[in-house]
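K.L.:
I need the structure of the sequence given here:
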Amino acid sequence: MARRKGTRSTSAPKYRLHKRSGNALVTIHGKDHYLGKHGTEESHELYHRLITELWTPAGQPKRRVVVPPAVTTEITIVFLAIEYGKHAKKYYVKKGIPTSEWIVAKRVLKKLRSIYGSLPARDFGPLKLEAFRQTFIDDGLTRTTINHYLWHVLKMFEYSVKKEFVPVEYHSRLKALGNLQKDRSDAKEPEDILPIDEFIVQATIKELTTTVASMVKLQKLTGMRPGEVCSLRPCDVDRWHCPERLPTVYRQRGQRGKRDSPLRAGERFTGSHHRFADRHVLQHGHQHLHLDRDQPQARQPQGQSAVDRRQCDVAEDAKKS
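P.N.:
Coordinates of the predicted model:
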């Protein structure tokens, strides 16, 4: 019975003869690979290598090993950019959403391909990289932004070395160019980011909804980033300490561990902030337990019992009265 088109077999593809050219041929997952003159030792060696690296039997996921082009084919910048782009799209992701770093990498790779796409990778040296950097200077980008953009070019070659697309010398020679130094290049310096005037903040808060206003106040008290405020959950907030002790807002756990954002002296995590945290969970559907303010928190400090929390509440009520 003939095998259905598109399905995979449990037996390895056969070593075949291409009669018109006299070359050996193997078809792996629907793609033909020519192996050189049929019957030679080199063609059999290449056949076994491709079967080992590319072919997987039915019932198993396809291997993701990317084999570089044959030695007789020049490896170009566009090939390296495509492969690094695939890697960056999967790597720069947080909670299933691409981060801004992926947007930057995509922008750099697009411009690199438009200028040097067909250039062999072996010909892309420090002078070519310097000329590529000059295009960003001519576009009026700041020095720090340009250094960040070129960092992705170096990461592309570093990834290519790891995957054995190019020799390590291709990457090491590009590092000799170095970054643009302050006041030592034609690139303009970034402007200092100054704090917004307090009057503008207070005037803006009056025009915001309750939820957004609470988010702004929380950023002001803790110095949290916008993304950290938007992803804040009730269980990330320590709200059970006594009034004499400042509550602590916990930042998100990341690859570099956990950092705390304590409130400033004299400030407290008020009811409006609690309402923002609880409402944010309901609106965005996070798969976390919705915590009531009167219920014990899942992430409470060690050694603090329900009796301690009640004593804190009594002390807080007495202080208010």
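K.L.:
grab the longest helix from the protein for me.
P.N.:
Scanning the chain for the longest helix, with DSSP state H as the assignment, gives helix 143-162.
K.L.:
give me the residues contacting that one.
P.N.:
Residues from elsewhere that reach helix 143-162 (C-beta atoms under 8 Å, 6 or more residues apart in numbering): 80-81, 83-84, 87-88, 104-105, 107-109, 112, 121, 129, 132-133, 136-137, 141, 166-168, 170-171, 174-175, 177, 179-180, 182, 185, 187-190. For glycine as for every other residue, the C-beta is placed from the backbone atoms N, C-alpha and C.
K.L.:
would you write a ChimeraX line that selects the buried entries of these?
P.N.:
Selection of buried members from the contacts of helix 143-162 for ChimeraX, criterion 16 or more other C-beta atoms under 10 Å:
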select :80,81,83,84,87,88,104,105,108,109,112,121,129,132,133,136,137,141,166,170,171,174,177,180,185,187
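K.L.:
which ones among the contacts of helix 143-162 are found in strands?
P.N.:
Per DSSP state E, strands hold no members of those.
K.L.:
restricted to helices, list the contacts of helix 143-162.
P.N.:
Counted as lying in helices by DSSP H, out of the contacts of helix 143-162, are 80-81, 83-84, 87-88, 104-105, 107-109, 112, 129, 132-133, 136-137, 168, 170-171, 174.
K.L.:
and the nearest residue to residue 87 once chain neighbours are set aside, how far from residue 202?
P.N.:
Closest residue in space to residue 87, ignoring its immediate chain neighbours: residue 159 at 5.7 Å, by C-beta to C-beta, 6 or more residues apart in numbering. Computed as C-beta to C-beta, to the nearest Å, the residue 159 to residue 202 distance reads 48 Å.
K.L.:
which residues of this structure fall in strands?
P.N.:
16-18, 23-28, 31-37, 93-94, 97-98, 237-238, 248-250, 260-262.
K.L.:
which of those has the lowest mean pLDDT?
P.N.:
Ranked by mean pLDDT, the strands of the chain bottom out at strand 248-250, with a mean of 50.
K.L.:
before we move on, the earlier item: buried residues, the longest helix of the chain. List them.
P.N.:
By neighbour count on 16+ other C-beta under 10 Å, the buried set for helix 143-162 is 143, 146-147, 149-150, 152-153, 155-161.
K.L.:
remind me which residues of the protein are low pLDDT?
P.N.:
1-10, 58-73, 235-321 (pLDDT under 70).
K.L.:
80 instead, please
P.N.:
Filtered on pLDDT under 80, the chain yields the residue ranges 1-11, 29, 49, 51-73, 95, 222-225, 227-228, 231-321.
K.L.:
ok, residue 12 - how many residues close by?
P.N.:
For residue 12, the count of nearby residues is 15 (other C-beta atoms under 10 Å).
K.L.:
skipping its backbone neighbours, what lies nearest it in space?
P.N.:
Residue 12's closest residue in space is residue 51 (C-beta to C-beta, 6+ apart), at 5.4 Å.
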